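>>> Sharing a sequence plus its predicted fold:
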There are 2 protein chains.
Amino acid sequence: MAVPTPDPFQLSCPVPLDIHTTVQMAHGGGGRLMRGLIERMLLPAFAARGGEAAGAGAAAERVAAREPPHDSAVVEAGGVRLAFTTDSFVVSPLFFPGGDIGKLAVCGTVNDLAMAGAKPAWLSCALILEEGLPLETLGRIVDSMRRAAEQAGVRIVTGDTKVVDHGKGDGVFINTAGIGLVPAGVDVSPRRVVPGDAVLVSGDLGRHGIAILSVREGLHFEGTPESDCAPLAGMVEMLTARLGPQVHCLRDLTRGGLAAALNEIALDAQVGIRLEEEAVAVSERVAGACELLGLDPLYVANEGRMLAIVPAVVAGEALAILRAHPLAREAAIVGEVTAAHPGTVELRGRLGGGRIVDLLSGEQMPRIC
Amino acid sequence: MAVPTPDPFQLSCPVPLDIHTTVQMAHGGGGRLMRGLIERMLLPAFAARGGEAAGAGAAAERVAAREPPHDSAVVEAGGVRLAFTTDSFVVSPLFFPGGDIGKLAVCGTVNDLAMAGAKPAWLSCALILEEGLPLETLGRIVDSMRRAAEQAGVRIVTGDTKVVDHGKGDGVFINTAGIGLVPAGVDVSPRRVVPGDAVLVSGDLGRHGIAILSVREGLHFEGTPESDCAPLAGMVEMLTARLGPQVHCLRDLTRGGLAAALNEIALDAQVGIRLEEEAVAVSERVAGACELLGLDPLYVANEGRMLAIVPAVVAGEALAILRAHPLAREAAIVGEVTAAHPGTVELRGRLGGGRIVDLLSGEQMPRIC
């Protein structure tokens, strides 16, 4: 087996933090290390193919070549635009206030499809089970997936089951991949974000990360917040049905929270983003827990919150559409896209001062999804 | 969190081997225990939904409701038939003679799509990395995936990366899901298998399982066989292009080998299958290793072999098509479908005696894919 050994991780200045020879927890954290791994190892291997995809045609080539990395790929088959995405879930613990790994696995993939403007249709479910897992636990998780799929209006149509030796897994890992249909006229992508656009967020921040942390660390806050884990496809469908191509970009606020999502968009679209601290909602419970733990709620993961970027002229209408949805009653316009300082996100404080909201190297909390 | 606790595994006579309250290695082995888990826990939860899938329409409902469990689901979108499948790969060790987990992850999903008669088009790649994995190892695996995708003519268009703590994974687990396009006129499914059909196998059996075992157990046979790991989409395309709807059923011979594949088809189609021992090819090296290890090559996993079931009248033509393909030079007609003893597979020996080839409870060797 004379497999050629490529340089797996081309080291380049000026990012000295990336000098690792082994996988770190932070490589999965949604921050700079993960972005580096994806951009320098995975994308060059998978995107730069010369050959034409079987049956995919030029449209798929074009899409894959020009698009910045995204929650879903969009490919074309016989005139139909399909969104295609995958996510593995390794959350620990398996059950937490407001949800479990099963609900998370369905909502997470439904949301990735929705963030491409697609109507989620079909999901796959691949289980990696650790030997010794109680079948009763698995039954609860599977039942939770069933209910979440019902709520989100998707079907789980195919699956796979693998078992690994005790001590080589962690209870259950779940992968869900998904296919959604992108309606005609919808074109959601970071490259469509332009200065002057408004940034909306669908609700308060940080519930999921704090809910996980509270169970994991055995912390008991006064009234632990529940995870916000929920399917976002319904509100996206309402937005795109009314605003069509005016929905420029959508992003769910998972690993790395609002801060990571905005930084990625600022980098991919080469724009600046100014965030108004006052407009960002954080519940008292989450704010209190964050203060106690030294966490910044802008970076804490959510599983039922998204941002939407639309032209300023329709921001009010977008806000009204979101607020009419039961999962986005507290939606708000939280900032604007600017031409100044491309690639950076600035937080304007209540008293007018500003600070840069940077992309973290890793994640404040590992294994939250 | 008052999650209702369903009976996760309805116990039923007369299968006392199924009485387990925790996950066993054999639940992932491709045998009776796995079939029980899928039929009694997973399918009831996922297939029996009342609601209509968003955007999927009646066709998908019909397909999901009537089809026996299959390598891929086939769904319809805007008049296009899509095959959709998922597979997680947990093979140990990560590298073995003739391949590695990366090549396996691409070929496995390409083959599952091909077994639905589809032309594989797009793959996803979701990595679960164990903290501490050398990035150089990951780089070799990713490069292997790239080359396998090139060979199979598919594009990896979307991905995901998660990291778990050291000791909570095993180096790398890879999930690949895939989408393929089913050509008009092609209708491949176990329910199309009828008495009188011929059974073809595309080559000799057992290479993959023996290759894995030889490395894992540190055994050094004289000339360890290489894994047969390879994409089968090319030969399927040749078969369906020439024989169209006369290709009744295809199945790759992975976990549980030819024995498991034939038993599943016999059960799903409610037919008998008679296999001619003489016609089944096993290389001398594999036969020797099996004898030494007490394994039956009919049950050993392959990753580049398939069976095809076609009407007897076109069996000769199918054989010629297969033998013209570089990966199926040793293809053979190995048996026939009968009306006698529905649900059972019989092996006719060289001297005329017969024995039942049963579905094993688990798998002779765990974690071979």
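That came through, no problem.
>>> Longest helix in chain A, by number of residues?
Taking DSSP state H as the criterion, chain A has its longest helix at helix A:135-152.
>>> Check which helices and strands the next helix-or-strand element following it sits against.
Moving toward the C-terminus from helix A:135-152, the next helix or strand (DSSP states H and E) is strand A:155-164. Strand A:155-164 is packed against strand A:119-130, helix A:135-152, helix B:43-47, helix B:57-66, strand B:73-77, strand B:80-89, with contacts defined by 3 or more Cβ pairs under 8 Å, 6 or more residues apart in numbering or on different chains; DSSP states H and E. Every C-beta, even on glycine, is put in place using the N, C-alpha and C of the backbone.
>>> Could you export those as JSON lines, including mean pLDDT and distance to residue A:203?
Shown next, in JSON lines, are those (pLDDT from 0 to 100; distance: least, Cβ to Cβ, whole Å):
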{"stretch": "strand A:119-130", "mean pLDDT": "97", "distance to residue A:203": "20"}
{"stretch": "helix A:135-152", "mean pLDDT": "96", "distance to residue A:203": "17"}
{"stretch": "helix B:43-47", "mean pLDDT": "85", "distance to residue A:203": "29"}
{"stretch": "helix B:57-66", "mean pLDDT": "37", "distance to residue A:203": "32"}
{"stretch": "strand B:73-77", "mean pLDDT": "94", "distance to residue A:203": "32"}
{"stretch": "strand B:80-89", "mean pLDDT": "97", "distance to residue A:203": "31"}
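>>> right, and those - which one's nearest residue B:191?
With respect to residue B:191, and counting by Cβ to Cβ, the nearest of the helices and strands packed on strand A:155-164 is helix B:57-66 at 7.7 Å.
>>> sorry, back to before: out of the helices and strands packed on strand A:155-164, which comes closest to residue B:242?
strand B:80-89 (19.5 Å).
>>> Could you list everything residue A:354 pairs with in the sheet?
residue A:348 (DSSP bridges).
>>> just the helices in the stretch 201-350 of chain A please.
Taking DSSP state H, counting those that start in this stretch to define them, one finds helices in the stretch 201-350 of chain A at A:207-216, A:233-243, A:257-269, A:284-293, A:315-323.
>>> what would these look like in a markdown table with mean neighbour count?
Compiled in a markdown table, those are given as follows (neighbours: other Cβ atoms under 10 Å in any protein chain shown):
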| stretch | mean neighbour count |
| --- | --- |
| helix A:207-216 | 25 |
| helix A:233-243 | 21 |
| helix A:257-269 | 24 |
| helix A:284-293 | 17 |
| helix A:315-323 | 18 |
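>>> Of all the ones you listed, which one is nearest chain B?
helix A:233-243 (7.5 Å; Cβ to the nearest Cβ).
>>> Turn the helices and strands packed on strand A:155-164 into TSV, including distance to residue B:119 and mean neighbour count.
Formatted as TSV, these follow (distance: least, Cβ to Cβ, whole Å; neighbours: other Cβ atoms under 10 Å in any protein chain shown):
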stretch	distance to residue B:119	mean neighbour count
strand A:119-130	18	27
helix A:135-152	28	21
helix B:43-47	26	18
helix B:57-66	18	15
strand B:73-77	13	23
strand B:80-89	9	25
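>>> would you turn these into JSON lines with distance to residue A:202?
As requested, these are arranged in JSON lines below (distance: least, Cβ to Cβ, whole Å):
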{"stretch": "strand A:119-130", "distance to residue A:202": "17"}
{"stretch": "helix A:135-152", "distance to residue A:202": "16"}
{"stretch": "helix B:43-47", "distance to residue A:202": "28"}
{"stretch": "helix B:57-66", "distance to residue A:202": "29"}
{"stretch": "strand B:73-77", "distance to residue A:202": "28"}
{"stretch": "strand B:80-89", "distance to residue A:202": "29"}
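>>> for chain B, what are the nearby residues on the stretch 251-369 of chain A?
A:366-367 (Cβ under 8 Å from any Cβ of the partner chain).
>>> what stretches of the stretch 251-369 of chain A score poorly on pLDDT?
Low-confidence segments of the stretch 251-369 of chain A, defined by pLDDT under 70, span residues A:362-364.
>>> Which part of it gets nearest to chain B, residue-wise?
residue A:367 (6.7 Å).
>>> Look up which helix or strand the residue nearest to that residue when sequence neighbours are not counted falls in, please.
Among residues not flanking residue A:367 along the chain, residue A:92 sits closest, at 4.7 Å (Cβ to Cβ, 6 or more residues apart in numbering or on different chains). Assessed by DSSP H and E, residue A:92 sits outside every helix and strand.
>>> what's around residue A:92, how many residues?
Neighbour count for residue A:92, taken as other Cβ atoms under 10 Å in any protein chain shown: 17.
>>> Kindly report the same for residue A:100.
24.
>>> do residue A:25 as well
19.
>>> Quick check: it touching residue A:366?
Yes. Between residue A:25 and residue A:366 there is a contact at 4.6 Å, judged by Cβ atoms under 8 Å.
>>> list residues touching both of those two?
Taking Cβ atoms under 8 Å, 6 or more residues apart in numbering or on different chains as the contact rule, residue A:25 and residue A:366 both touch B:163, B:165.
>>> That's all I had, so thanks and see you.
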